[in-house]
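S.K.: Coordinates only, no sequence provided:
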């Protein structure tokens, strides 16, 4: 049981390191994490009571 817990902790730490590494190195390999820059305009009707 202890061996399984150690493996799960090790895999979680390894996955976190991989995710952080991908976040930092992803743009160098062509991954684009930026949000789309489009302007959206919608008319709004306000009820003045």
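M.R.: Arrived safely. Quick caveat, the model's predicted, so the values are computed rather than measured.
S.K.: what are the phi and psi values for residue 30?
M.R.: Torsion angles at residue 30 (phi, psi; degrees, to the nearest 10) stand at phi 100, psi 0.
S.K.: And it, what's its pLDDT?
M.R.: pLDDT recorded at residue 30 is 86.
S.K.: pLDDT weak spots in the protein?
M.R.: 49 (pLDDT under 70).
S.K.: repeat that with 80
M.R.: Residues of the chain meeting the criterion pLDDT under 80: 48-49.
S.K.: What are the contacting residues of whichever helix or strand residue 22 is part of?
M.R.: Per DSSP states H and E: residue 22 is located in helix 2-25. Outside helix 2-25, the residues that touch it by C-beta atoms under 8 Å, 6 or more residues apart in numbering are 31, 33. Placement of C-beta: from N, CA and C, glycine included.
S.K.: And it, what's buried?
M.R.: Buried residues in helix 2-25, defined by neighbour count with 16 or more other C-beta atoms under 10 Å: none.
S.K.: Return the distance of it from the chain's centre.
M.R.: Distance, stretch centre to chain centre, for helix 2-25: 16 Å (C-alpha atoms, centre = their mean, to the nearest Å).
S.K.: And residue 31, how far from residue 41?
M.R.: From residue 31 across to residue 41, the span is 30 Å (C-beta to C-beta, to the nearest Å).
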